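A.B. asks: Any chance you can model this:
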Amino acid sequence: MKINGVFEGGGVKGIALAGAVSAAMDQGYEFDKVAGTSSGSIVAAFLAAGYKGEEMRNMILQTPFSMFLQRSWIFDTKTVGPIVRLLFKKGLYSGEALENWVYQKLLAKGIRTFGDLKHVPIKIIASDISQGKLLVLPDDIAQYGIDPLKFSVAKAVRMSTSIPYFFDPVMIRKAPQATDSRDSFRDEFVYIVDGGLLSNFPLWVFDEDHERCGTPAIGFQLVGKVETKTHHIKGPFSMLEALFGTMLNAHDERYIEKRNIFRTVKIPAIGVSNTEFNLSKEKSLELYDQGYKASEIYFKRWTVQMYEDNYEKFVIRK
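C.D. replies: Below is the predicted model:
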């Protein structure tokens, strides 16, 4: 049976999403369309490219995620280096290593641009902080005078995964046809960051599609997050860390619990933080297995009738 899949962001915890995907496929479900935010956009992109859950599991075992934490030696001196980099680059780490990794994995399936994705349409959520608005890629990239079908999937993923102040924001320049004659040179550039800033779990993205085509949309959400703790604010950097940590962990939570629990696979994330890139292989596999088990239990109980009844009750009549 065909379903649409929506994947929540959660940094390295996204490993568990791969396990959930594998269980859904093992029970005969096929992803018709996919969407995701942050690490959820990586899983969505790999699914759209044709990867299976087991292939993603192998990628997890073969990839030391710490390699994504790259910065020049100039900015790597203790204490001062990271602060200077943050001031000049607007992030502690470059997102280039992550983008290149995603690019190479997609290229192995013959995918470079959104135009290459012929079978499984995808929507990736990002945040334009220059203009203060949510982006649904690739369609919304047209606002900047860029052809959506020619836009790099890996670049969109990097935009969606650029956790503010952790990874550099992605800066793009508007094409001439998308600028106003009154715009200054600076106004021609926009900064784009993690989609979780505005919608970390975009279950709404396929509501119109369901009402038109009837395809159920199932969300895959990471739960059991790191225990809430008091943030000790000692200065501007600790305040920023507390601000974005709270925002990325708590965003959309009430919305999910009250209206969408019936169409959400809740995946235990076993206390792993979003930016714990030094995970061991054992911990990574534990996350994967937790995702598999949670999805397996959900789909064994799931029925189309249950979905339709609850959709009518909680979504259409909201």
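A.B. asks: From here on, just use CA atoms for contacts and neighbour counts.
C.D. replies: Will do.
A.B. asks: for this structure, what's the longest helix?
C.D. replies: helix 281-301 (DSSP state H).
A.B. asks: List the buried residues for that one?
C.D. replies: If you call a residue buried by 16 or more other Cα atoms under 10 Å, then helix 281-301 has these buried ones: 284-296, 298.
A.B. asks: cool, stretch 305-313 as well?
C.D. replies: The neighbour-count check on stretch 305-313 (16+ other Cα under 10 Å) flags Tyr307, Asn310, Tyr311 as buried.
A.B. asks: Likewise for stretch 143-158?
C.D. replies: In stretch 143-158, counting by 16+ other Cα under 10 Å, buried: Tyr144, Ile146, Pro148, Leu149, Phe151, Ser152, Val153, Ala154, Lys155, Ala156, Val157, Arg158.
A.B. asks: what's the spacing between Gly19 and Leu106?
C.D. replies: Gly19 sits 19 Å away from Leu106, going by Cα to Cα, to the nearest Å.
A.B. asks: out of those two, which sits in the busier spot?
C.D. replies: Higher neighbour count among Gly19 and Leu106: Gly19, with 27 against 22, using other Cα atoms under 10 Å.
A.B. asks: quick one, phi/psi of that one?
C.D. replies: phi -60, psi -40 (degrees, to the nearest 10).
A.B. asks: how much space between it and Lys13?
C.D. replies: Counting by Cα to Cα - Gly19 and Lys13 are separated by 11 Å.
A.B. asks: what touches both of those two?
C.D. replies: Leu287 (Cα atoms under 8 Å, 6 or more residues apart in numbering).
A.B. asks: if we can go back for a sec, state the mean pLDDT of the longest helix of the chain.
C.D. replies: Average pLDDT, helix 281-301: 94.
A.B. asks: re the thing from before, nearest to Ser184, out of the buried residues of stretch 305-313: which one, please.
C.D. replies: Tyr311 (47.4 Å; Cα to Cα).
A.B. asks: what residues does whichever strand or helix holds the closest one touch?
C.D. replies: For Tyr311, the host element (DSSP states H and E) is helix 304-311. Outside of helix 304-311, the residues within contact range by Cα under 8 Å, 6+ apart are Pro216, Phe262, Arg263.
A.B. asks: By neighbour count, which of the residues you listed wins?
C.D. replies: Pro216 (22 neighbours).
A.B. asks: what's the closest non-adjacent residue to it?
C.D. replies: Ile3 (5.3 Å; Cα to Cα, 6 or more residues apart in numbering).
A.B. asks: you'd agree that neighbour is in a helix?
C.D. replies: No. Assessed by DSSP: H, G, I helix; E, B strand; the rest coil, Ile3 does not belong to a helix; its assignment is strand.
A.B. asks: Can you get me a residue count around it?
C.D. replies: Ile3 has 18 nearby residues by other Cα under 10 Å.
A.B. asks: could you say what helices and strands the helix or strand hosting Glu54 packs with?
C.D. replies: In this structure, Glu54 sits in helix 53-62 according to DSSP H and E. Where contact means 3 or more Cα pairs under 8 Å, 6 or more residues apart in numbering; DSSP states H and E, helix 53-62 is packed against helix 15-26, helix 281-301.
A.B. asks: quick one: contacts of the shortest one?
C.D. replies: Meaning helix 15-26. For helix 15-26, contacts defined as Cα under 8 Å, 6+ apart pick out 7, 30, 40, 43, 52-54, 56-57, 60, 220, 222, 267, 269, 284, 287-296, 299.
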